[in-house]
Each structure stands twice: as C-alpha cells, then as structure tokens.
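Asker: here is a sequence together with a model predicted from it:
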Amino acid sequence: MALKTIHAPIPGTFYRAANPGDPPFKAEGDAVAVGDTVGLIEVMKTFTPVIAEEAGTLRAFHVGNEDAVMAGQPLYDIEA
C-alpha cells in the first residue's frame with residue numbers, strides 16, 4: 001500500500017466538520033471512499049468541499065480544524 005499526501009486545492013480556512021460541535025467528516029484511521037467529503041475550505045463565506053479522489057485509509061492530517069491553509073499545502077495522508 002502506498003501513502004499519498006493530498007494538498008489544498010485553494011487557500012482559505014480548513015474545517016474538519018460542517019458545523020461547530022458536529023463530528024468530523026473523517027478521522028485518522030477511517031476508511032475513505034471515492035467521493036467522500038474529508039473537509040471544507042472556506043473563503044469569504046463560500047465553502048468548498050475537499051472530496052476524496054481515491055479510496056483508502058486516512059492516516060494523518062497535516063492541518064488542524066480552523067487552520068489557515070495555502071493552495072498546495074499538505075492537508076492529509078491517505079494510504080491506498
């Protein structure tokens with residue numbers, strides 16, 4: 001199995017859940033299917049979902065909830 005790092009497609013604020021108090025979309029160790037939402041990136045009150053493009057197991061997040069991210073910055077690792 002190969003470990004792949006997924007990068008932020010756009011700059012903004014990364015959210016691991018849809019709303020404060022909600023469970024995260026995915027946690028470390030969770031199975032991820034193609035099309036699953038892993039997080040959201042917010043820019044000026046517009047939320048863009050971070051969608052998994054391949055299946056595997058989410059191994060680690062490189063950013064925390066509500067962290068500012070830049071385009072191209074590592075977000076998470078997936079083992080496929």
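Answerer: Yep, it's here. A quick note: this is a predicted structure, and the numbers were derived from the prediction, not measured.

Asker: could you pull out the strands for this structure?
Answerer: 3-7, 12-15, 31-32, 37-43, 46-51, 56-61, 67-69, 74-79 (DSSP state E).

Asker: which of the residues in the last one are buried?
Answerer: Of the residues in strand 74-79, those with enough neighbours to count as buried (16 or more other C-beta atoms under 10 Å) are 75-78. Any C-beta I mention is one placed from the backbone N, CA and C, and that applies to glycine too.

Asker: closest one of those to Ala31?
Answerer: Using C-beta to C-beta, Ile78 comes nearest to Ala31 of those, at 10.2 Å.

Asker: shouldn't the closest one be in contact with Glu53?
Answerer: No - Ile78 is not in contact with Glu53 according to C-beta atoms under 8 Å; the separation is 9.3 Å.

Asker: what touches both of those two?
Answerer: Common contacts of Ile78 and Glu53 (C-beta atoms under 8 Å, 6 or more residues apart in numbering): Ile6.

Asker: residues in contact with the nearest residue to Pro74 once chain neighbours are set aside?
Answerer: Nearest non-adjacent residue to Pro74, counting by C-beta to C-beta, 6 or more residues apart in numbering: His62, 4.2 Å away. Counting by C-beta under 8 Å, 6+ apart, His62 makes contact with 5, 73-77.
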